[in-house]
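1. this one's sequence-less:
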């Protein structure tokens, strides 16, 4: 065997040992960070231009025995047969069953991911852009709230416009945004129409006509930045209003009330009333 291969083999071994030592140290540091996060009820820390944060992406699974007994009693088990999140979620989205009816069978497990990045001051307060993929990526973003609606059970729908005029609906997949999300630590609502709120997002989740959906980081609480004055409210609404309902959705409206799934680039908008 020539000397060059022996040198490469030795270097490979030494590098692998260094990686093992570094990985051990990384896990030790992660444990310290998580202890600090938990004790201070936070999920991120900035150290000058370094941003370290964690994101909880809960894993949802199902107790097949319980789920089968619930779905079978409603004649829905044949639509699932094999337990998969997507199939169960389709039943909920299609209105065939309520999430509360199968909550007993749901198993939720917290799965934390830790990230570290070097950021500038601007990146600490705004959503960034991935030039390699041409898509927006998560981060902090401020929205002026235009709509706040109560949905099924204790879920709510939040909708707002950023300073660039982009329409955004903050969402939390599967679990949805709960009513207590709009409250501060004193149980006072901070998310109200015409309030400016800072959110932390993970990524866009467009699903036309719900093309405005962005996944929220559920571990970061919204922050009230301010509220528009009455004069600012009027100017703001004038600026975002469309001339007609059709212009809002940019899709065929069926029966005067529906657009087809997969069509359109908006699901909410505003028009100025004639009277």
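-> Nice, thanks for sending it over. Since this is a predicted model, take the numbers as computed values, not measurements.
2. in this structure, which helix or strand is least confident?
-> Within the chain, judged by mean pLDDT, DSSP states H and E, the helix or strand with the poorest mean is strand 127-130; its value is a mean of 45.
3. After it, which helix or strand is next?
-> strand 135-150 (DSSP states H and E).
4. which element follows that next one toward the C-terminus?
-> Counting by DSSP H and E, the element that comes right after strand 135-150 along the chain is strand 155-161.
5. Need the residues that contact whichever helix or strand comes after that following strand.
-> Next in sequence after strand 155-161, counting helices and strands by DSSP H and E, comes strand 167-171. The contact list for strand 167-171, computed with CB atoms under 8 Å, 6 or more residues apart in numbering, reads 141, 143, 157-162, 177, 199, 201, 205, 210, 212-216, 266-269. Heads up, the C-betas are built off the backbone N, CA and C, glycines and all.
6. How about stretch 92-100?
-> Stretch 92-100 is contacted from outside by 71, 74, 76, 79, 91, 152, 153, using CB under 8 Å, 6+ apart.
7. Of those, keep whichever come out buried.
-> Buried subset of the contacts of stretch 92-100 (neighbour count, 16 or more other CB atoms under 10 Å): 71, 76, 91.
8. which one of those residues is nearest residue 147?
-> Each of those was checked against residue 147 using CB to CB; the closest is residue 91, at 27.1 Å.
9. can you confirm the closest one is in a helix?
-> Yes. When classified by DSSP: H, G, I helix; E, B strand; the rest coil, residue 91 is found to be part of a helix.
10. Just give the nearest non-adjacent residue to it, would you?
-> If the residues on either side of it in the chain are set aside, residue 91 comes closest to residue 97, at 5.1 Å by CB to CB, 6 or more residues apart in numbering.
11. any idea how far the one you found lies from residue 63?
-> Separation of residue 97 from residue 63 (CB to CB, to the nearest Å) stands at 16 Å.
12. same deal with residue 197?
-> Counting by CB to CB, the gap from residue 197 to residue 63 is 37 Å.
13. ok, now residue 247?
-> Here residue 247 is placed at a distance of 48 Å from residue 63 (CB to CB).
14. what about the residue most central in space within the chain, which SS state?
-> With distances taken as CA atoms, centre = their mean, residue 215 lies nearest the centre of the chain, 1.6 Å away. Remark: residue 215 carries the secondary structure label strand [criterion: three-state DSSP].
15. Comparing residue 197 and residue 63, which residue is more hemmed in?
-> residue 197 (22 against 15; other CB atoms under 10 Å).
16. Going by secondary structure, that one is in what exactly?
-> Counting by DSSP H and E, the element that carries residue 197 is strand 195-204.
17. Buried residues, that strand. List them.
-> Neighbour counts using 16+ other CB under 10 Å place 195, 196, 197, 198, 199, 200, 201, 202, 204 of strand 195-204 among the buried residues.
18. Assumed residue 267 was part of a strand.
-> No. Inclusion of residue 267 in a strand is not indicated when three-state DSSP is applied; the result is coil.
19. which phi and psi does residue 57 have?
-> phi -120, psi 90 (degrees, to the nearest 10).
20. meant to ask about residue 102
-> On the backbone of residue 102 - angles per degrees, to the nearest 10 - the values are phi -120, psi 10.
21. Equivalent analysis for residue 235, please.
-> Per-residue torsions, residue 235: phi -60, psi -40 (degrees, to the nearest 10).
22. pLDDT of the strand holding residue 197, averaged?
-> Confidence over strand 195-204 (mean pLDDT, whole number) is 91.
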